[in-house]
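A.B. asks: Model the following, please.
(chains A, B, C and D)
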There are 2 protein chains.
Amino acid sequence: MKINPENKTDLSAQIAQAIRDAIVNGDMIVDQRLPSEAELADQFNVSRPTVREALKRLAAQSLIRTQRGAFGGAFVNRLSYEEAYGQQITTSTLLLSMNAVSFDVACEARYALERACAPLAAERRSPDHLATMRAEIHRQGQPGLSDESFCASDVTFHRALVDAAGNPVLSYQLAGAVEAMQPLMNMITFTARSREEILRLHTRIADAIETTNAPAAETALHELEAYTLMLGRDVMAARRIKKSG
Amino acid sequence: MKINPENKTDLSAQIAQAIRDAIVNGDMIVDQRLPSEAELADQFNVSRPTVREALKRLAAQSLIRTQRGAFGGAFVNRLSYEEAYGQQITTSTLLLSMNAVSFDVACEARYALERACAPLAAERRSPDHLATMRAEIHRQGQPGLSDESFCASDVTFHRALVDAAGNPVLSYQLAGAVEAMQPLMNMITFTARSREEILRLHTRIADAIETTNAPAAETALHELEAYTLMLGRDVMAARRIKKSG
DNA sequence: GCTTTTAAAATGTCAGACATTTAAATGTAT
DNA sequence: ATACATTTAAATGTCTGACATTTTAAAAGC
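C.D. replies: Now for the predicted structure:
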């Protein structure tokens, strides 16, 4: 992996790519120690700051971790779900906040993913997941609940639904979609009327999951998608006016 | 955003986080220029190499891009789908290759996502998408096709299915799942018998999409999932034996 | 007025030094 | 001999200052 040809891009980017390739190809295995910065600098014929910039790039992607002190160094990192979540959420949030993705598209993707989870959730849901969903439904019915709290509870509810599917990859994918929509969702004013409607649909979803009735859950999710879309569109319209004004 | 309290983590990580927050919170907008490295070093009271390490971290996440020369500098980057794909694929591939995710779980997630796309694809598929699917089916039936080529064609087929849904966020999510599974899929030996079976299912899927029969597409995808799982398990079993042997 | 040259500003890179952290090796006392 | 304290070495983290390269805008020249 050691060599890189004479091209004009950043040396630190080239070095990062070379090491990244080595990791992805399996030439370096988890927890294996990389050569020290000084050794890498020698091997690649660059200075230590350049090597360090390359290593920081890899650290930003959670590909490596570093440890100070004797017998420290840079080690290939076993990517954890938490780290993967973090990457996913950062990326998704930016895609949405930079308007590369519209609210409509994000909303559609999110509910498509949730519906994909529904059959698995109906099949595997534990009492614990159901209890969480019921508890959040109860909370959402409390009078005097702030919009932020309502929104947070909404997220917890949907998260329980997805986690009930028992597939961490799906949970991880959804996390991105749900978190990314949070800022926009938080702009929504949840009237008593809309809360009532959402509550009704949440209850239908929970009931469907409890009775392992996947199609009913999917139908309710469809309706919730349409309703969310309507609420979101009002907010987005208001946002556009504010921008142009 | 300028200050960061006295804690013991890396300064470059702290600075990267501060700038990241500013971008995500919208304090800095797309294409806005960051202060020069020297100015940032002043503001954060650190040296230029430390600032540079922070900037490289952000560059690794495609949050910023840099431009050399006068009036150059670091600019907030509009995250493109391509860049987001790249991030997603790197992360997903590592999750799978490091065995943090089993083949079964990845496979289940992938087909759950594809089924989520099916109704949308059935509704929106263009002649172009259908043509791609048909063409790949035809290719998969050619005798003398190598396993790699068969596999590549398989990816193109599924990609067309997902793209037909017309939701770039779903395409982006799937890209990760599909790409990540590639290395394992490539280890599969596709016998004439298994190719025939896959071809049959692909045809059913294409037919269902063409006739806007979403349920039929989902059913066929279910069967294809079960079949893929079976093929994959053989490979994974062989892999385990090789490791322990 | 157009072209060429120049200057300035910014990132990219290097070299060397010092600071800090950490664990092993060593030494010392009970 | 064991337990504890000390030293030491290796590594990352940080700083300073310098030079190289790239790029654009402004100045100079025709």
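
A.B. asks: Mind listing residues that contact the strand or helix carrying A:T91?
C.D. replies: Per DSSP states H and E: A:T91 is located in helix A:81-97. Outside helix A:81-97, the residues within contact range by C-beta atoms under 8 Å, 6 or more residues apart in numbering or on different chains are A:61-62, A:77, A:101, A:103, A:106, A:168, A:172-173, A:175-177, A:179-181, A:183-184, B:20, B:23-24, B:26, B:61, B:63, B:79, B:81, B:84, B:87-88, B:91, B:95, B:100, B:169. Where C-beta positions appear, they are placed from N, C-alpha and C, glycine not excepted.

A.B. asks: next one: it to chain centre, how far?
C.D. replies: Distance, stretch centre to chain centre, for helix A:81-97: 5 Å (C-alpha atoms, centre = their mean, to the nearest Å).

A.B. asks: which element is the most centrally placed residue in chain A on?
C.D. replies: Chain A has A:G176 as the residue nearest its centroid, 2.3 Å off, counting by C-alpha atoms, centre = their mean. Using DSSP H and E, A:G176 sits in helix A:168-185.

A.B. asks: Does anything pack onto that helix? Which helices or strands?
C.D. replies: helix A:81-97, helix A:103-124, helix A:147-164, helix A:214-244, helix B:103-124, helix B:168-185 (3 or more C-beta pairs under 8 Å, 6 or more residues apart in numbering or on different chains; DSSP states H and E).

A.B. asks: tell me the pLDDT at the closest residue to DNA strand C within chain A?
C.D. replies: With C-beta to the nearest atom of the strand, the shortest gap between chain A and DNA strand C falls at A:G69, namely 2.1 Å. A:G69 carries a pLDDT value of 89.

A.B. asks: What about it, how many residues nearby?
C.D. replies: Look at A:G69: counted by other C-beta atoms under 10 Å in any protein chain shown, it has 6 neighbours.

A.B. asks: Ok, A:D31 next?
C.D. replies: 10.

A.B. asks: how near is it to chain B?
C.D. replies: 10 Å (C-beta to the nearest C-beta, to the nearest Å).

A.B. asks: go on, A:M236?
C.D. replies: Using C-beta to the nearest C-beta, which is the criterion applied here, A:M236 is 15 Å from chain B.

A.B. asks: What does the pLDDT read for A:M236?
C.D. replies: 74.

A.B. asks: Oh, that last question was meant for A:A100, not what I typed.
C.D. replies: Looking at A:A100, the pLDDT reads 68.

A.B. asks: one step back: list the buried ones in the helix holding A:T91?
C.D. replies: A:81, A:83-85, A:87-97 (16 or more other C-beta atoms under 10 Å in any protein chain shown).

A.B. asks: for whichever strand or helix holds A:A18, packing partners?
C.D. replies: A:A18 is part of helix A:11-24, with elements assigned from DSSP H and E. Applying 3+ C-beta pairs under 8 Å, 6+ apart, we find helix A:11-24 packed against helix A:37-44, helix A:48-60, helix B:48-60, helix B:81-97.

A.B. asks: Can you tell me the SS state at A:V30?
C.D. replies: When classified by DSSP: H, G, I helix; E, B strand; the rest coil, A:V30 comes out as coil.

A.B. asks: okay, now it: neighbour count?
C.D. replies: Count around A:V30 with other C-beta under 10 Å applied: 16.

A.B. asks: Just confirm it contacts A:R78, I think it does.
C.D. replies: Yes. With contact defined as C-beta atoms under 8 Å, A:V30 counts as touching A:R78 (4.6 Å).

A.B. asks: Return every residue with contacts to both of the two.
C.D. replies: In contact with both A:V30 and A:R78: B:M98, using C-beta under 8 Å, 6+ apart.

A.B. asks: so where is chain A shaky, pLDDT-wise?
C.D. replies: Applying pLDDT under 70 to chain A flags residues A:1-7, A:99-100, A:239-245.
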